[in-house]
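Chemist: What follows is a predicted structure for the sequence shown.
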Amino acid sequence: MTNILNAILVIILVLNLFTLGTSRILTVIRIVAIQGFLLGFLPLLAHNHFSLASILIVLTTMILKAFVIPSMMSQALRDAQIKREFEPLIGILPSIILGALATVFALLFTSHIPLAQEHTGTLIVPSSIATILIGFIIVTTRFKALSQVIGYLILENGIFIFGLLLMGAMPMIVEMGVLLDLFVAIFVSCIIISKINKSFSSMDTRILSSLKE
Amino acid sequence: MPIYFVHIAFIITALSGVPGLFLRRGSLIAQRISVAMMSAGALTGIYGALTTFFSQTSSDMVSFPWLNMGSCYTGIDTLSAFFLIPVFLMGMLGSIYGLEYWAHDRHPSNSRKLAIFWGLLVAGMALLVVSKHAMAFLLGWEIMALAAFFLVSIEDCNRESRDAGWIYLISAHIGTLALFAMFTLWKLVTGSYMLQTVAESSVSFAVMNTFFFLALTGFGLKAGIMPLHFWLPAAHATSPSHVSAMLSGVVLKMGIYGLVRWLSLFPNPPYAWGGILLVLGFVSGILGVVFALAQHDLKRLLAYHSVENIGIILMGLGIAMLGQAGNQPVITVLGLSGCLLHVWNHSFFKSLLFLCAGSVIHSTHTRQIDQMGGLSKVMPWTALFFLIGAVAICGLPPLNGFISELFIYLGLFNTIATYPGGLVAAISVIALAMIGALATACFVKVYGAVFLGLSRNNETGHFRESSIVMLLPMIILGALCIIIGLVPVLFTNILAQAVSVWSGIESVSLCNPAAVAPLSTVSLVAVVLVFVTGVIFLIVRNLNKRTPQAGTWDCGYAMPSPKMQYTASSFAHSVVSMFRWVVMPREHKPHITNVFAESATFSSHVNELVLDRLLLPLSNVVKRSSGWFHWFQQGLIQQYILYILIALFLMFCTQIPFKELFEKWFIH
């Protein structure tokens, strides 16, 4: 089981780098959808037991992260008529390198913190930290509003992976609450993005910040 | 028992603005309710304060719980009661004055704010005066400071008003910071936050001096001692007149109260403290009055006179401290009586002057002295009360300013006679005399330009005397000035009790300034003076009936126009030019090129000593040199998230044992 778990986590790490390495927003949305689909398996693999609650979480996670949220975002993308992130703060290649460094750093870091016995063999902690850092990198270096939403989504994925450690301790309702929050947040921002686009010609957050006046 | 009255008064006054929130904006009923509540609360408080003087019981303490602090204490003694009376009196009179001056229906946008913060201001001051515990004191102090901030910036649509408010807020918070430091140190040294005298031996000399200078900064900023007075002129000039009266008459006195109360905790102060207070006092006094002379704005002028009077009060306190240091009860009693009586006097006559100024401004809609003139014909009552206030503030007999200055003079003479090398005291006598003379010059200027002569404004027809609502507070304050001036003996017993609490001299009769000062002679002379003046007035008026009517100040022109009158600025010019080295007036003179002069303008203005010449240039330097910091704060959300990322990264880094890794990889 641990091997399959680690294999999925490695795929997730690779997908992270993929998101950094492409400027087509639609591709990034699809990658995040695949990531969300894979994330759905993790609770089953991490704890080896199939209760009704865990299956419910798995299904909800998969449906939300792999289908509902990506389709909302691609809808917003169509409305906003943008295809690419043209001018990120850091170029595509440097940001892949930065993401790789963040992954290495996460691995290095987790090898030196004391973990519970059952978590030492898995990649849960390093991959969650790496995903969180990469989410942060996307949020800080991309300027399109939709890219930022994706960044937050990846950030949340990282937190979700970390949450696997606490799966036994945390009641299901918390998981569900987090998912609901995420769903609502993205729902709202997608609506806002397509609405703003109708009255405001740009989706660049640097220009959007002038709206606060 | 009296403390409970003060507590009830505290609650009623604090809530006096609240009913207005539930009524319509600009509703006159709301204003009347708040004035009624304020008056009821104030009268309760005054009753409580007065019973303290006459009940002869020792002060009782009330404790109330305070989070993480155990209990907090309030209690009333005669010194607190002495300061409570002006607080409540002005709270009541000011709100009555506001009924017409700041009527809710004419100021619907900010009158509710004014009512609420007026109530809180009075309540905050009442709390700080009765607190016996540092926390309660600071609570009252902050309520007062913040309420005063909202009152100063009440017309927040005006830039001038907002700027004055910010400068006030900054200075108030610097003062509070000093007080926090002071009380924390007090807790460290004495082990409690209680404001009680401690054994001399437990406090080292250096710590005592630290206390003194922290108190001088913290309380001095509020009181407006000369280098720390920078917030005062703008705040007094821009706020509504009854708020200026409250600020100048009462809020400044809270700084004095703090200083007086705090210094009473050290029964054997070093001589230097008294000397420093005396020097600061006469410097504030002279510079305050000199700057007042150079002002063109009526309320700014009165504000600088507050600096002057705070200087006189400080001189009294300095004398008292010298008396305590040398264990000379007579000097202590004279100095402190002068200080405390001048606190009362100043709060009466300065409030009176500000209320009169408000009445003038209410009618003329300008604060510029040089645009007024001849108002005694249209506003005879305001002119009369302004005259009373002016005579009182100049320290002329037979009004109250003379009595307190008399105590201070006597204290100074005693100091010179008692202490070897009383050089500072000798200089102070000269300085005090000079302050009196300059103040008289200044009020001759104001009264002459504002009330005498002809109107420099063409709209005299619109000018009206204020109604009885605005005159009533002036009548009460003017009457108090006259009563204290004519029969000071009535008040010496009250003074003696307050002095006794402060100085620790047990016997109240020993603290009575009437025993050392020739007060009955003063009363007699005053009555004679009033009588003689009255007679001369009647004779002159009869003579005047036969002289032809002519315009005053018309400079001998054949066809005078009101604009040719002697202006206030030119009147003050001779004195101001003597103090050119410190006042530094900026004059913009016309440049005459042709034989026949063309139309030209002349203007002059005076920059504030500390604010405009020191603090603003300094803050500009700081602003310019810290422009690079904008690079970190651009309002870009990505940037802020990057900061979180960096912080997260650094936090992770602390967990990685770099040293071990280094050894493992490179050294084996």
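Modeler: Thanks, I have the structure now. Please read these numbers as outputs of a predicted model, since none were measured by experiment.

Chemist: Give me every residue in chain A lying close to chain B.
Modeler: Taking Cβ under 8 Å from any Cβ of the partner chain as the measure of proximity, chain A contacts chain B at A:89, A:105, A:108-109, A:112-113, A:129, A:133, A:136-137, A:139-141, A:143, A:205-206, A:209, A:212. No exception for glycine: its C-beta is placed from N, CA and C like everyone else's.

Chemist: which element is residue 163 on?
Modeler: The chain I'm using is chain A. For residue A:163, the host element (DSSP states H and E) is helix A:145-163.

Chemist: oops, chain B please
Modeler: Residue B:163 belongs to helix B:159-190 when assigned by DSSP H and E.

Chemist: ok, back up a step: show me the residues of chain A next to chain B that map onto helices.
Modeler: Using DSSP state H to define helices, the subset of those located there is A:105, A:108-109, A:129, A:133, A:136-137, A:139-141, A:205-206.

Chemist: Mind giving me the packing neighbours of the helix or strand hosting residue B:72?
Modeler: Per DSSP H and E: residue B:72 is located in strand B:70-75. Strand B:70-75 is packed against helix B:2-14, strand B:61-66, helix B:111-130, helix B:134-152, with contacts defined by 3 or more Cβ pairs under 8 Å, 6 or more residues apart in numbering or on different chains; DSSP states H and E.

Chemist: which one of those has the lowest average pLDDT?
Modeler: Ranked by mean pLDDT, the helices and strands packed on strand B:70-75 end with strand B:61-66 in last place, scoring a mean of 82.

Chemist: for the helix or strand where residue B:433 lies, which positions count as buried?
Modeler: Element membership of residue B:433, judged by DSSP H and E, is helix B:423-450. Within helix B:423-450, the residues that qualify as buried by neighbour count (16 or more other Cβ atoms under 10 Å in any protein chain shown) are B:424-425, B:428-429, B:431-432, B:435-436, B:438-450.

Chemist: cool, and stretch B:80-88?
Modeler: Buried positions in stretch B:80-88, judged by neighbour count with 16+ other Cβ under 10 Å: B:80-88.

Chemist: These also near chain A: which ones?
Modeler: Subset of those in contact with chain A: empty, counting by Cβ under 8 Å from any Cβ.

Chemist: State the mean pLDDT of the helix holding residue B:163.
Modeler: Mean predicted lDDT for helix B:159-190 stands at 93.

Chemist: what packs against that helix?
Modeler: Using 3+ Cβ pairs under 8 Å, 6+ apart as the contact test, the elements touching helix B:159-190 are helix B:134-152, helix B:205-223, helix B:232-238, helix B:252-263.

Chemist: are any of the residues of chain A next to chain B buried, and which?
Modeler: A:105, A:109, A:129, A:133, A:136-137, A:139-141, A:143, A:205.

Chemist: quick one: which of the buried residues of stretch B:80-88 is nearest to residue B:410?
Modeler: Within the buried residues of stretch B:80-88, the smallest distance to residue B:410 is 20.1 Å, found for residue B:82 (Cβ to Cβ).

Chemist: sorry, back to before: Serialize the ones in helices among the residues of chain A next to chain B to CSV and add fields for pLDDT and distance to residue B:251.
Modeler: Shown next, in CSV, are those (pLDDT from 0 to 100; distance: Cβ to Cβ, whole Å):
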residue, pLDDT, distance to residue B:251
A:105, 87, 58
A:108, 83, 62
A:109, 82, 58
A:129, 90, 57
A:133, 90, 55
A:136, 88, 51
A:137, 88, 55
A:139, 85, 50
A:140, 85, 49
A:141, 85, 54
A:205, 70, 48
A:206, 70, 47
